[in-house]
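Q: Just need the structure, nothing else, for what follows:
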Amino acid sequence: MVYILIFLTGIIAGFLNTLAGGGSILALPVLIMAGIPSPMANATNRVAILLQNMTGVLKFHHHRQLIIKPIIHITIAASLGALAGAFFAVKIDSALFDRILGLIMIGLLILIFRPQKTRNFLTKRLPRWLEIIIFLMVGFYGGFIQVGVGFIFLATLNLVEEFDLIRANAVKVFIILCYTSLAVLIFALSGKIIWKYGLILSLGNMLGAYLGVHSAISHGERFVRYILLIAILLACLKLFGILDLIGLF
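A: So this is what the prediction gives:
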């Protein structure tokens, strides 16, 4: 039953991660419930993130939604940041941190769903050196914890580039794939990954990623916005302890 639960959670997490973010907020409690200590759950989840994003990148590339050349500099910056963040990865179950992250996500929700008429001002191209610094910091967070990084990437990409949500998700998935490869290597060498659970979760995440990209391409940006809204609201409810209070997660 634990294996089935992890697999089903992986499907939901992969779907949310590919279209929005926040899947790890659901996956980590399930891994911890299976008896995995928090630091090892954080590491084990990265295996699923890696294989999920491989699936997502291949699917987005197949539909010609991913162009890599313009984002090489931010990909390298995020990967270097993640490399540093993974070295400093620690427990993620701090109650205070969860509350702070919840507030951050509310801010991201406002940014992503801001009125369309302000788009040109907010998406004005930043200097390349500033983009590199921003993605170094985002990458550090992703390598360190990962939880909610999809939301942060979407909001950041929406500010520094003229991406719609489908293309932004494609770029996000590619960058996370690149830096997660480094993070998995670090966690594996440190013996933090429980491969049995990681691979079971990965199967679900890969299926969820496939369904997520297919849904995005089929239903368009408006559908992705609705999924993003639901994902952020669920993440906030979890981080503020409301889902725990009513016994859902």
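Q: and the spatially most central residue of the chain, what does it touch?
A: With distances taken as CA atoms, centre = their mean, residue 150 lies nearest the centre of the chain, 3.3 Å away. Applying CB atoms under 8 Å, 6 or more residues apart in numbering to residue 150 gives the contacts 16-17, 20-23, 172, 176. Heads up, the C-betas are built off the backbone N, CA and C, glycines and all.
Q: Helices - which of these land there?
A: Here DSSP state H is the test, and the contacts of residue 150 give 16-17, 23, 172, 176 as lying in helices.
Q: following the helix-or-strand element of the chain with minimal mean pLDDT, which helix or strand comes up?
A: Least confident helix or strand, the chain: helix 119-122 with a mean of 44, by mean pLDDT, DSSP states H and E. Next helix or strand after helix 119-122 toward the C-terminus (DSSP states H and E): helix 128-144.
Q: by contact count, what packs against that following helix?
A: Counting by 3 or more CB pairs under 8 Å, 6 or more residues apart in numbering; DSSP states H and E, the packing neighbours recorded for helix 128-144 are helix 72-87, helix 149-160, helix 165-189.
Q: do that again at 10 Å, thanks
A: helix 38-62, helix 72-87, helix 149-160, helix 165-189 (3 or more CB pairs under 10 Å, 6 or more residues apart in numbering; DSSP states H and E).
Q: about what we covered before: kindly indicate the member of the ones in helices among the contacts of residue 150 with the most neighbours.
A: With neighbours taken as other CB atoms under 10 Å, the top of the ones in helices among the contacts of residue 150 is residue 23, carrying 35 neighbours.
Q: That residue: what's its closest spatial neighbour, skipping adjacent residues?
A: Among residues not flanking residue 23 along the chain, residue 13 sits closest, at 3.1 Å (CB to CB, 6 or more residues apart in numbering).
Q: What strand or helix carries the one you found?
A: Using DSSP H and E, residue 13 sits within helix 2-19.
Q: Which strands and helices lie in contact with that helix?
A: With contacts defined as 3+ CB pairs under 10 Å, 6+ apart, helix 2-19 has these neighbours: helix 23-33, helix 38-62, helix 149-160, helix 165-189, helix 195-239.
Q: Centre of the chain to it, how far?
A: Remark: helix 2-19 is offset 13 Å from the chain centroid, using CA atoms, centre = their mean, to the nearest Å.
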